[in-house]
Structures are given as structure tokens and as C-alpha cells.
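Trainee: Return a 3D structure for these sequence lines:
(2 chains)
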There are 2 protein chains.
Amino acid sequence: MDYSTNDSKSTSKNKVVAVVGGGLVGALNACYFAKRGFQVEVFESREDIRQAKIVKGRSINLALSHRGRQALKQVGMEDTIVSKGIPMHSRMIHSLNGTQSPIPYGKKGQSVFVITETGAMTFLRAAGAKEEIQADLIVGCDGAFSAIRKQFLRQSRFNFSQTYIPHGYLELTMPPINGEFAMKPNYLHIWPRNTFMMIALPNLDKTFTCTLFMPFDEFENVTTGDQVIEFFQKYFPDAIPLIGADALKRDYFHLPAQAMVSVKCSPYHLSDKCVLMGDAAHAVVPFYGQGMNAGFEDCLVFNEIMDQLNEDFSAVLPEYTRVRVPDDHAIADLAMYNYVEMRSHVNSKWFLFRKYVDNFLHMIMPRTVIPLYTMVTFTRTRYHEAVKRWHWQDKVRNDIVHSSLYKDVGMVVGHDDLQGLRLLVEPVGPGTASNCLTWRL
Amino acid sequence: MDYSTNDSKSTSKNKVVAVVGGGLVGALNACYFAKRGFQVEVFESREDIRQAKIVKGRSINLALSHRGRQALKQVGMEDTIVSKGIPMHSRMIHSLNGTQSPIPYGKKGQSVFVITETGAMTFLRAAGAKEEIQADLIVGCDGAFSAIRKQFLRQSRFNFSQTYIPHGYLELTMPPINGEFAMKPNYLHIWPRNTFMMIALPNLDKTFTCTLFMPFDEFENVTTGDQVIEFFQKYFPDAIPLIGADALKRDYFHLPAQAMVSVKCSPYHLSDKCVLMGDAAHAVVPFYGQGMNAGFEDCLVFNEIMDQLNEDFSAVLPEYTRVRVPDDHAIADLAMYNYVEMRSHVNSKWFLFRKYVDNFLHMIMPRTVIPLYTMVTFTRTRYHEAVKRWHWQDKVRNDIVHSSLYKDVGMVVGHDDLQGLRLLVEPVGPGTASNCLTWRL
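Mentor: Down below sits the predicted model:
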């Protein structure tokens, strides 16, 4: 890609932007700043991903949806990346008895892409550990355990939280059979099993990456190869021949179960010198499929603000915090909400009844009632506005549920005016019922 | 105090306990461990408080109530400390027009003590900055910005949050008049003014320490001596002659407004080697008067578990985390809840109506409906159980409120079964209405 054509303001020409972290968001940011004519330096502590031996077991496959694609498009990378992905039009639910039922994500033509390679976007340098650099702007894209963010913690009035969930995850590989995918490729395969679940996403090499999500407590109960087979026999019998019993026994113990953390903080900037993006600013649990998309959208939003405020960092950075914090907090909360909900409400009759009402509402008012999942995944509606709208729809839905309960069951159920906080108390919202990436369906 | 009489198990005799932090909780902990026969070393980075020049403006006066007294009693320190405090039987509300109205805390004989001196409890050593120490147990009592806790952050699956509130605080001194207190001494004086407020607590030297709580934004609007006088003339006219106009103009700018942070984390221990107590484990905002009391109760609870589990650190530490985390999180949430509520609900009619119902319920069922404030301040009911009980009372109260509304106003108001999360959405609970230390009354 040729960024030598500099279409940006002259101010940027002599300014150095140090991007710390050469992962997904750091690499995309480097493109954005280079395109504006800044001198970009990318610092990455790991070795070059194009030469490194790939460490398996620590990835969760990434789903690229609308926001991420828009962010890639802006720097002309959309097609390159999408061509290396596999579209998933639908989810495929595996029941205990082995039957498979597809559930589409949204309307026709709305797909989520599984990204299998990003090396072509990565900028790397062999940076000495103690090399001192002087930059006009430091962009911290160094992930959930960000070293840049640690400097923020020393400042007064920096809000920060990191929350580990009781679940861990473990990766297994499902190899091709006779050179072909072992299951239908254009699906997110899901085995929902109450407090735990397995998902499988297709890779370009015709394998599937299977991810088992389970409480750490339960991982601790499975300690031998025989127990693994016994466990799979009980919960995922159809997956045993596809993964292979021997591989299963071996790979299950390849790495211990990995932890998942949710990180929120505020502000995202320090004076006019430093800004956080991606997981460094907002690591989310992987239950809404938005982690990478939110990080990519950070770059896009920052770029939009750079246009509006003429690349003046002293104005751009506070504005980025003001605009982006509520949206990133909203998606972090939604991902955690999906996780909590999955654990507690999957069997509730109230949940099932509301799900029914959701589907009905969306059917009769497809433009008025837009499922939350659709707003989040297939539009650029600001995350916090999607949540606000969801609350409003929720109120409408509640009125219908309650008046119907009142009529049918003779029970009086009301609501208060604390809608602003409903996210925290509602069992489930519209959209998650029929459009959710997760496994409660 | 003589701790040479060792009534503890022989195991403790050769074990070294390093208490990091010689503040309130560190000092009390040193007493507890010494009493059990451990070799206690206390590390404190500040100079000896008995010789140091006192820095004014960074304290918020401390209210000692039941839990704190019980913890002091166990090591024989209750009388020593209480004799240096001033009992506050009641609050005194200052209205804008200068009238003063007392509101008692609880029943007769229930007082909160203002602690004015703790030097007698402080253990100090001149510890070199890089001195390496080997201890069998490290007890981190080093406050809200704990260096010990920072080590926990490096461990996997350590949950942590720090939240700064938009308010800051600023201290002023009200001198004696003709050698006597300028206002009635046995009261917590409160000037409630919606989004900000001032309080004044008595000191042994017949001064009052006044603390002004206000959003940082508003502090920024007052930048000259004349603006200070103008501001006080508008909101606290009766305080100007008592503080003195010249002192007010000068002292207001002595220090910038100080930030307030709420810290929560979990677990409180690392293997069998390290444990956090006091603000290091749970800094709370000062709106429930329980910060010191919760820290002191940490020591007492740890001591009780040491008895139960025979001083076996490998069992005591996880049990302390299991028992204490939910209680400390509950009091941190309650303190924050009081802060949020103060800002948003002080003028709501709904709030006033519920307050009326609370008072009525407590009057007719004094044993069944115990105000939350009483449970927290005058009993050792576990904090999280007090909150649970409050939710139950809340449900009863809601039923009454709703049925009365239904009858009187013809309005249907219901409730759902999400009582477990009500803390987050309720405008106010019983107890806070008639018994709260804060300023909404």
C-alpha cells in the first residue's frame, strides 16, 4: 500500500506519532496516521508475526462486522482483509442429541467475517527495551495489559477497573476430513450447555477452531485424558469423532484454561501527548463479538475528530475521550451483560416469554423496533445510543408484556421511571433473543 | 500497653509479621498480632506523627462507631481512644436562612465519636527505602494507593477498580470564640445545598474542622478571595463570621481541592503470604462514615478467623477473603450509593414520600424494620447482610407505598422480582431517611 501521497495538512509533516503495540488496532492506527502524513513509528515487543512460530491456544477467533469494515475501508484495507476471511451468514446450534439448527444473524446479505490472518497489516521494528523515544503523540494500542495505561494509573483522577470472569477458555482444533471442512463452513457453530458452551469457527485452511468456555472450577474437575472423553461423551458427543479422540485427549492439556478480563477506564488521554485505543482502553469479554470492531472503530472515530479539529492534539484528545468513553463503556457492559445473562436466565420462563414478544414486535414493526444485536453489529449507531434506544424499546415491550400479563393472568406488573438503569436489572433485551451471537437460543 | 503476656499458641512465637503502613489500620493490626505473640514489624514511609509538623487540609474527620469500638476493645484500646474523642449525639442542619435544626442519629445513648488523635497507637520505624525484609506474613495496610496491592495487580485474575467521584473536598478551620466552641460541640453540623454541602466536626482544641464538598467544576469557578466571600455569602452566610472573612479568603486557597476515590478489589490475599486490610483493600468515599470502622473491623474479623483456624495462614487467608470481600464491597457500594443519591434525589417528591413511609414503619415496627443506618453504624450485622435485610424491608415498604398510591392516587405501581439488584436502582432505602450521617435531610 502506498501512503507516500500525502493529502493531509502541513502541520502533520514533521510530527512523530509513536504507536505502541503492533497488534490489530496498532497496525490500523499506523495506517491512519501515515495516511495523514505523520511520521509513524510502531513499537512491538513480540517478534515479527510473519516469521514467528504461531502459538496456538491463546486466540479467540475474531468476527469482523460493520464497524470494523468501515474502519478498514477508510484506509483502503477492507477488501484485502475480507478476502482472507470466511463469511458466517448464520449460527448453527448443536443440540445434545446431535441435531443441528441454523439461526441467521440478520437480514439477507448481513454477514460476520471470521478473520484468519492480519500479518499483512502489521508494522514491526526491532526496538531495544530501553530505547528512549520522543514523540509528539503516543498512541497506546498495547492491549488489555497495556504498559502505557499503567502510566495513567499514576495520575490523579484516573478511573480504572479490571474484572475477571469465573469462566476460562480452552482451544481445540477440528481438522479437515478428506481435504474438506468437517462441518458446514459458513456458520458459527454453537453447542449451548447452560453454564458452559463450545463454539467453532472456520479457518481458511479448512480447520475449525473450537473454543470451550467453562467455569475454572469445572476445568479443575477434568484432569485426565479419560475424563476429557467422558466429559465430551456427556456434553459434546458429536464433536468427538470430528476432533478425534486422541487429539482431544492430548490438545485439551496443551495449555491451561485461559482467563478473560473486562477492562474499563477513563479518561483515554493524558494532556495532548498520549491516548489509549483498542483493548488498552477497553478490553471486553468475548460474548458480543465486538472487541476488534470496537477497537477498529476507535481509529475511525479518532480520524473523524482529527478532521473536525484540524489535527490539534490539545483539542482532539479531550474530545476523543468525551465522545468515545460512553460508547466503549456501553459495549463493555453489553458484553458482560450477555455473559451474566447467559449464566442465569437461559431457563427462565420470563426470558422465553419476553423473547417471544421481541420476535413478534420485530415482525410487526421492523423499522421501529430494531434488535439491539442488529444495531451493534450491522450499523454504526453509537454503542451508547443503541443501548438507549434498546431501553426505550424495552419500555414499549414491557408495557405490552405487562398489559398482556394483566389481562391473561390477572396480575398487576408495573414499571418505574428508572429506565436509565434498566440495563443492569433486565433479564434480556430485544435483539438478543433472535439475533445474538451467543448460545442461549 | 503490655503485650509481653503471651496467651497465644506456640506456633506464633517465631513467626514474623510485617505490617506495611503505620496508619490507623496498620497500628491496630500491629496490636492484634503482637497480642498473639507474633514478632511484629511495622513499616511506615512517613515520619513519626508524634514529631512531624501536621499537614492540614488533607484529613476528613473520622467518626468512630460501633464496629470500630468493638475492634479497639478487643485489644484494650477502646477507652484510651474514646477519651480523646468528642461524642456526636445528633446532626445539626443549617438552613440557608441561618436556622439550625437537630436530627438525632439513633436511640438514646447511641453516639458517633469524632477521633482527633491516634498518635498513641502508631508504631513507627526508620525503615530504609530498599531494606529487604523476610516475613511469614505481610499485611498491607498502606492505604488507598497501596504499594502492596500493586503487586497483586500483576497476578492473574485479580479484580480491581478505582473510581474517582466528580466532587472534591476542601478544609477550613473554625476557631474558638472566647476560648469556647463557636457552635454547639456535640453535633455534626451540616449545611446541605443540593449538589454541594459543608459539614463541620468538633475537635478537642475547641476548633471545628469544616469540610466543603463540591464538584471540581464548581471549585474552578472560585479563583479569588472576593469570589470566596461572594460564594459563602450566597450559600453559607452564617459561617462567614464564625470562620472569619480574612481567614476564609486565605485558607480557601491553602491547598487545591482534594480528590476522593473508591477502591474495590478481590481476592484480598496472595497464597499464604500476603493479605490486604483497610483502605488498601477497600477505600470508600466518605459519605457513610464507615471507612475507619470497616478497616478496624477487618482486623477484628481476621482475628476471629485466626482463632477458628488455629493461626494456619494457608487456611486463614482464603477464608478471610471469602468472608470479608462481600462485606467490604457492600459498604463501598453503600457509601457510593449515598453519594449518588445525594446528588440526584434530594428534591424528588418520590423520595420525600418514601421517607415518610420509612419513618412511619420504623415507628410502628421498631424491631422488624431496623433502619439501614442503624444496622451499619450501631451493630456488627455483616454489611452485606444489612444490605440484604434492607432489600427485604424495601420490598415491604414498596408494597405499602404502592398499595397506598394505588388507593389514593389511582395509579398502578408494581415491582418485579429483581430485588437482588434493587440497591442499584432504588432512590433511597429505609434508614437513610431518618438516620443518615449525610446532608439530605
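Trainee: Just the mean pLDDT for the longest strand anywhere in chain A, thanks.
Mentor: Assignment by DSSP state E gives strand A:159-174 as the longest strand of chain A. In this model, strand A:159-174 carries a mean pLDDT of 94.
Trainee: how about that strand: buried residues?
Mentor: Using 16 or more other CB atoms under 10 Å in any protein chain shown as the test for burial, strand A:159-174 gives A:159-165, A:167-174. Glycine gets a C-beta too; all of them are placed from N, C-alpha and C.
Trainee: Please apply the same query to stretch A:139-148.
Mentor: Buried positions in stretch A:139-148, judged by neighbour count with 16+ other CB under 10 Å: A:139-144, A:146, A:148.
Trainee: Quick check: the two most widely separated of those residues?
Mentor: Pairwise distances across those (CB to CB) peak at 16.2 Å, for the pair A:139 and A:144.
Trainee: give me the beta-bridge partners of the residue of the stretch 251-400 of chain A found nearest chain B?
Mentor: Nearest residue of the stretch 251-400 of chain A to chain B (CB to the nearest CB) works out as residue A:259 at 5.3 Å. In this entry, residue A:259 is beta-bridged to residue A:168, by DSSP bridges.
Trainee: Quick one: residues contacting it.
Mentor: A:164, A:168, B:156-157 (CB atoms under 8 Å, 6 or more residues apart in numbering or on different chains).
Trainee: now swap in residue A:236 and tell me
Mentor: Counted by CB under 8 Å, 6+ apart, residue A:236 has contacts A:94, A:191, A:193, A:198.
Trainee: circling back: which of the buried residues of strand A:159-174 sits closest to residue A:279?
Mentor: Comparing the buried residues of strand A:159-174 against residue A:279 with CB to CB places residue A:162 closest, at 11.5 Å.
Trainee: Now, the buried residues of stretch A:139-148 that are in strands?
Mentor: A:139-140.
Trainee: Need the nearest residue in space to residue A:94, chain neighbours excluded.
Mentor: Spatial nearest neighbour of residue A:94, chain neighbours left out: residue A:191 (4.5 Å); criterion: CB to CB, 6 or more residues apart in numbering or on different chains.
Trainee: Could you check which helix or strand contains that neighbour?
Mentor: strand A:187-193 (DSSP states H and E).
Trainee: How far away from the center of its chain is that strand?
Mentor: Chain-centre distance of strand A:187-193: 17 Å, with CA atoms, centre = their mean, to the nearest Å.
Trainee: now do stretch A:267-285
Mentor: Counting by CA atoms, centre = their mean, stretch A:267-285 comes out at 17 Å from the chain centroid.
Trainee: quick one: contacts for residue A:238?
Mentor: A:94, A:98.
Trainee: Residue A:160 too?
Mentor: A:149, A:152-153, A:263-265, B:160-162.
Trainee: longest helix of chain A?
Mentor: helix A:313-344 (DSSP state H).
Trainee: what angle do that one and strand A:187-193 make?
Mentor: 50 degrees (axes from the mean of the first three to the mean of the last three CA atoms, to 10 degrees).
Trainee: hmm, helix A:313-344 touching chain B?
Mentor: No - counting by CB under 8 Å from any CB of the partner chain, chain B is not contacted by helix A:313-344; separation bottoms out at 10.4 Å.
Trainee: Packing partners of that helix?
Mentor: strand A:159-174, strand A:258-266, strand A:269-270, helix A:279-282, helix A:291-308, helix A:372-378, helix A:383-409 (3 or more CB pairs under 8 Å, 6 or more residues apart in numbering or on different chains; DSSP states H and E).
Trainee: By mean pLDDT, flag the weakest helix or strand of chain A.
Mentor: helix A:422-425 (a mean of 24; mean pLDDT, DSSP states H and E).
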